[in-house]
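>>> Fold the following and give me the result.
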Amino acid sequence: MRRGVCYLVLYSLFAAVAVVTPAWGQTGTAQPPAISKQTLSIKGINFPREIIGLPRGGVRTYGTKDLGLSVRYGDPSLGCWADIYLYDRGRQLSSGASAQQVQDEMGNFLTEARLMIQSGHYTRVNVTKHFQEGGFEAVRLEIEQERQKTDSFTFLRVHDGQYVKIRLSMFENSQAARIASSFVSDFNRVLSTARKRAP
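Here you go, the predicted model:
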């Protein structure tokens, strides 16, 4: 089942070519997915019904405006899943925010990731690559939890006065980097059509 959905995602990518931070351990409040809507509009961003074949799930809030919310695509039961976080930590951010601000926030994320080992949630977290992708600062992690290994990608940038963080994970897959890159590319197209929020 897990492999099948990942292969379905890959099939969607090939077909397309042919045709053309909230803390890791934080508990949020889930809202049911808006299944009947083709798009879900949040903070000026129109989240489509699916991205690279991964269906949109629910929205989760994190208790305060500073910690924002996240939108889920896919699900661990499908073998591939992504959470897109929108938040600002109470900071004044602009789309021209310095690279240092984004790098500092990525540093916070990696610290939180390592703390998940101390808490016993993960048995291993290994940073295998730092890179940039489509305007995002990015890292690739190998995570091990209860003998299950996961490829996890985190992409971070500032857009319209808020952090946009994508955490995309999948069970071991030789095409993981390609899937992650395609997800970010498609979501960048979503951001390019976003309405600017009122100050």
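
>>> Tell me which helix or strand Ala180 sits in.
helix 176-192 (DSSP states H and E).

>>> One more: Phe109?
Going by DSSP H and E, Phe109 is part of helix 99-118.

>>> Report the mean confidence score over stretch 74-94.
Mean per-residue pLDDT for stretch 74-94: 91.

>>> Pull out the buried residues from it.
For stretch 74-94, burial by neighbour count (16 or more other CB atoms under 10 Å) applies to 74, 78-87, 93. (Each C-beta comes from the backbone N, C-alpha and C, glycine too.)

>>> can you redo these as a markdown table with distance to Lys149 and secondary structure?
Shown next, in a markdown table, are these (distance: CB to CB, whole Å; DSSP: H, G, I helix; E, B strand; the rest coil):
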| residue | distance to Lys149 | secondary structure |
| --- | --- | --- |
| Gly74 | 18 | strand |
| Leu78 | 17 | helix |
| Gly79 | 13 | coil |
| Cys80 | 14 | strand |
| Trp81 | 15 | strand |
| Ala82 | 18 | strand |
| Asp83 | 19 | strand |
| Ile84 | 23 | strand |
| Tyr85 | 24 | strand |
| Leu86 | 29 | strand |
| Tyr87 | 28 | strand |
| Leu93 | 34 | coil |
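
>>> Which member of these is positioned nearest Ile51?
When the buried residues of stretch 74-94 are compared for distance to Ile51 (CB to CB), Ala82 wins out at 7.4 Å.

>>> Quick check: beta-bridge partners of the closest one?
Going by DSSP bridges, Ala82 is paired in beta bridges with Tyr73, Leu168.

>>> is it true that it touches Lys165?
No: counting by CB atoms under 8 Å, Ala82 sits too far from Lys165 to count as a contact (10.6 Å).

>>> what residue lies at the spatial centre of this protein?
Nearest residue to the geometric centre of the chain (CA atoms, centre = their mean): Ile166, 2.0 Å.
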